[in-house]
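**Q** All I have is the shape, not the residue letters:
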């Protein structure tokens, strides 16, 4: 995982990623979908480029309609696969099938160990995607640039 990025670091969402993420969220409903954001975080003020997203199984057993869990082994495998493609895991995503694309109290609490991480929340019912950078007690909405191929 790259180190936390300064607020001034731009984030570029590559073409097709938004549509791919929303498609995953629609297919998974009524369960939450989840996975990793893949791209490059080269530092030096260069934009973090989100080039792809890989859906991972929602390992939440009690309430997969309102919660998600990523199995650490699946995350490790996704990280290895990303490196083989010369990409990094630059963040995470999950959906709120019946809710807004805003972090819940559980989202904020559980991601507090990962400050500075990018996280996309999807609301498939509204075809909405929002990008956040996690903090220890709150999440900060970020506006991605729409990158060209």
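**A** Arrived safely. Since the structure is predicted, the reported quantities are computational estimates derived from the model, not experimental observations. Numbering: from 1, shown residues only.
**Q** What is the least confident helix or strand in the chain by mean pLDDT packed up against?
**A** Ranked by mean pLDDT, DSSP states H and E, the weakest helix or strand in the chain is strand 145-146, scoring a mean of 76. Using 3 or more Cβ pairs under 8 Å, 6 or more residues apart in numbering; DSSP states H and E as the contact test, the elements touching strand 145-146 are strand 11-13. Glycine gets a C-beta too; all of them are placed from N, C-alpha and C.
**Q** Run me through the strand neighbours of the strand it packs on, direction for each.
**A** strand 48-56 (parallel), strand 145-146 (parallel) (DSSP bridges).
**Q** Now these in JSON lines, please, with extra columns for distance to residue 86 and mean neighbour count.
**A** As requested, the strands paired with strand 11-13 are exported to JSON lines (distance: least, Cβ to Cβ, whole Å; neighbours: other Cβ atoms under 10 Å):
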{"stretch": "strand 48-56", "distance to residue 86": "10", "mean neighbour count": "21"}
{"stretch": "strand 145-146", "distance to residue 86": "21", "mean neighbour count": "12"}
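**Q** Which of the ones you listed comes out lowest on mean pLDDT?
**A** Per-stretch mean pLDDT for the strands paired with strand 11-13 is lowest at strand 145-146 (a mean of 76).
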